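Colleague: My questions concern the predicted model and sequence given below.
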Amino acid sequence: MRIGELADAVGVTTRTVRHYHHLGLLPEPERLSNGYRDYTLRHGVVLARIRRLTELGLGLGEVRDVLADDVGKDISEVLAELDEDLARQEVAIRERRARLRALMEDGVTVEGPVSDELASLFRRTAHLSDSPMAAKDREILALIETTAGAEERGRLTSLLGDSLGTAEGLERARAAYALLDDLVDAEPSDPRVDEAARALVDCLPDELLPSATVDHDSSFLRALYADFAPAQAEAIRRTIHIVTRGRNSPEPTQDPPA
């Protein structure tokens with residue numbers, strides 16, 4: 001048989017046959033005088049077995065073990081391991097589907113999907129989303145949660161949840177967002193920048209930014225500042241300075257980052 005005839009008979013492509021040759025799964029046949037491979041029935045038997053094993057979900061490395069006569073694992077052992085792996089996948093899929101159902105029932109926000117904890121925080125602050133600054137804040141929180149480690153994500157949502165867990169906390173947040181929204185066309189030297197920074201500081205727990213040294217020229221903070229209007233960026237920069245260096249510290253005198 002030619003390679004195309006073998007592939008058609010077993011229901012695979014000629015590229016697949018060549019790939020199995022390359023991996024050593026399917027023995028190379030003898031070549032005829034004209035240089036063409038001459039496949040036998042035995043090649044068809046082995047190729048069909050490879051196809052059945054891969055359709056069961058075995059990886060090609062596991063298929064190699066099964067096909068080996070003198071080394072590797074017994075077929076029953078490989079299939080048992082595959083069954084255990086599929087069982088784990090079933091559990092993971094059920095958990096993912098349960099989360100998807102919850103998201104569909106609650107409604108997926110523009111920022112979602114996010115963790116259950118952050119989704120709960122977003123629901124509690126949904127009435128603030130009319131503010132452009134609040135909407136952008138939610139996007140940034142979703143970004144931070146995605147990039148942070150599990151421990152840091154838990155700390156973040158816990159601190160913000162405590163801060164916004166009361167009517168007074170929500171009102172402080174609403175007032176801060178309103179002040180920041182008003183700065184969209186202002187200059188960084190506008191006196192309202194200080195007012196907005198102090199209002200934002202009052203919304204944040206001291207532990208949110210514990211480091212006393214923040215590099216305002218880091219790539220992340222530069223990108224963060226660039227995403228806001230100049231006066232808004234300056235208010236956020238001053239907020240970070242106040243929170244990290246102490247709420248009673250003097251304001252920084254340097255110019256805002258470019």
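Modeller: Alright, I've got the coordinates. Since we're looking at a predicted model, the values are computed, not measured.

Colleague: going forward, measure contacts between C-alpha atoms and count neighbours the same way
Modeller: Fine.

Colleague: Centroid-wise, who is the farthest residue in the chain?
Modeller: residue 33 (56.1 Å; Cα atoms, centre = their mean).

Colleague: can you give me phi and psi for that one?
Modeller: phi -60, psi -30 (degrees, to the nearest 10).

Colleague: go on, the one 3 residues further on?
Modeller: Its backbone dihedrals place residue 36 at phi -80, psi 140, with angles given as degrees, to the nearest 10.

Colleague: Contact partners for it?
Modeller: By Cα atoms under 8 Å, 6 or more residues apart in numbering, the contact list for residue 36 reads residue 2.

Colleague: Quick check, pLDDT for it.
Modeller: The per-residue pLDDT reported for residue 36 equals 88.

Colleague: what's the spacing between the residue nearest to the spatial centre of the chain and residue 81?
Modeller: The centroid of the chain falls nearest to residue 146 when counting by Cα atoms, centre = their mean (5.2 Å). Summarising the geometry, the distance separating residue 146 from residue 81, computed by Cα to Cα, to the nearest Å, is 32 Å.

Colleague: now swap in residue 220 and tell me
Modeller: Summarising the geometry, the distance separating residue 220 from residue 81, computed by Cα to Cα, is 44 Å.

Colleague: Would you mind confirming that residue 203 is in contact with residue 174?
Modeller: No: between residue 203 and residue 174 there is no contact under Cα atoms under 8 Å: 9.6 Å.

Colleague: Residue 144: neighbour count?
Modeller: Here the neighbour count serves as a burial measure; for residue 144 (other Cα atoms under 10 Å) it reads 14.

Colleague: Mind jotting down where the helices sit in the chain?
Modeller: In the chain, the helices defined using DSSP state H lie at 3-10, 14-23, 41-56, 60-67, 75-106, 116-124, 132-147, 150-163, 167-181, 192-203, 219-226, 230-245.

Colleague: what's the third one packed up against?
Modeller: Based on contacts counted as 3 or more Cα pairs under 8 Å, 6 or more residues apart in numbering; DSSP states H and E, the elements that helix 41-56 packs against are helix 3-10, helix 60-67.

Colleague: can you list contacts of it?
Modeller: Where contact means Cα under 8 Å, 6+ apart, the residues beyond helix 41-56 that reach it are 6, 9-10, 17, 26-27, 29, 60, 63.

Colleague: List only buried entries from these.
Modeller: Of the members of the contacts of helix 41-56, the ones counted as buried by neighbours, 16 or more other Cα atoms under 10 Å, are 6, 17, 26, 63.

Colleague: ok, for residue 186, nearest residue in space, not its chain neighbours?
Modeller: Distances taken as Cα to Cα, 6 or more residues apart in numbering place residue 231 nearest to residue 186, at 5.7 Å, with adjacent residues excluded.

Colleague: does that neighbour really touch residue 188, like I thought?
Modeller: Yes: contact status for residue 231 versus residue 188: in contact at 4.0 Å, counting by Cα under 8 Å.

Colleague: of these two, who's got more company?
Modeller: Here residue 231 and residue 188 are compared on neighbour count by other Cα under 10 Å; more neighbours surround residue 231, at 26 against 19.

Colleague: Distance check, that one against residue 190.
Modeller: With distances defined as Cα to Cα, the gap from residue 231 to residue 190 amounts to 7 Å.

Colleague: just residue 123 next, same as before
Modeller: Computed as Cα to Cα, the residue 123 to residue 190 distance reads 33 Å.

Colleague: swap in residue 174?
Modeller: Using Cα to Cα, which is the criterion applied here, residue 174 is 21 Å from residue 190.

Colleague: Also residue 245?
Modeller: Separation of residue 245 from residue 190 (Cα to Cα) stands at 23 Å.

Colleague: Which one of those two is surrounded by more residues?
Modeller: The residue with the greater number of neighbours, taking residue 245 and residue 190 and applying other Cα under 10 Å, is residue 245; the counts read 19 against 13.

Colleague: Just the pLDDT for that one.
Modeller: At residue 245, the pLDDT recorded in the model is 73.
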